[in-house]
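Q: Output the structure for:
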Amino acid sequence: MCNNCDGKKTVKWIIWIAAAVAAITAAVTAFFVIKEKQKREEEELEEYLDYSIQ
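A: This is a model prediction of the structure:
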């Protein structure tokens, strides 16, 4: 009935793994971008406060 079922399962697993890797990579990248933005904003706020005190 299904001559190529093993091949189809393999392709599904490859697609599933690729999608999982892409999702994890996107999440990690977003995390680091947000952390870098927060760090930059904090430094800008410190600089602003330092200048406003003077």
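
Q: The helix or strand harbouring Tyr51 - contacts with which helices or strands?
A: Using DSSP states H and E, Tyr51 sits in helix 5-53. Contact here means 3 or more Cβ pairs under 8 Å, 6 or more residues apart in numbering; DSSP states H and E; on that basis helix 5-53 packs against no helix or strand. For the C-beta atoms, the positions are set from N, CA and C on the backbone; glycine is no exception.

Q: pLDDT of that helix, averaged?
A: Across helix 5-53, pLDDT averages out at 93.

Q: Tell me how far that helix lies from the chain's centre.
A: 2 Å (Cα atoms, centre = their mean, to the nearest Å).

Q: Same check on stretch 42-54?
A: The answer for stretch 42-54 is 31 Å, by Cα atoms, centre = their mean.

Q: Could you export that stretch as CSV, CA atoms only?
A: The C-alpha coordinates for stretch 42-54 follow below in CSV (Å, rounded to 0.1, in the frame of the first residue of the first chain):
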residue,chain,number,x,y,z
GLU,A,42,20.9,51.8,30.4
GLU,A,43,24.2,53.3,29.4
GLU,A,44,22.4,56.2,27.6
LEU,A,45,20.3,56.8,30.7
GLU,A,46,23.5,56.8,32.9
GLU,A,47,25.2,59.2,30.6
TYR,A,48,22.1,61.5,30.5
LEU,A,49,21.9,61.5,34.3
ASP,A,50,25.6,62.2,34.6
TYR,A,51,25.3,65.2,32.3
SER,A,52,22.1,66.5,34.0
ILE,A,53,23.8,66.5,37.4
GLN,A,54,26.7,68.6,36.2
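
Q: Brilliant, that's me finished.
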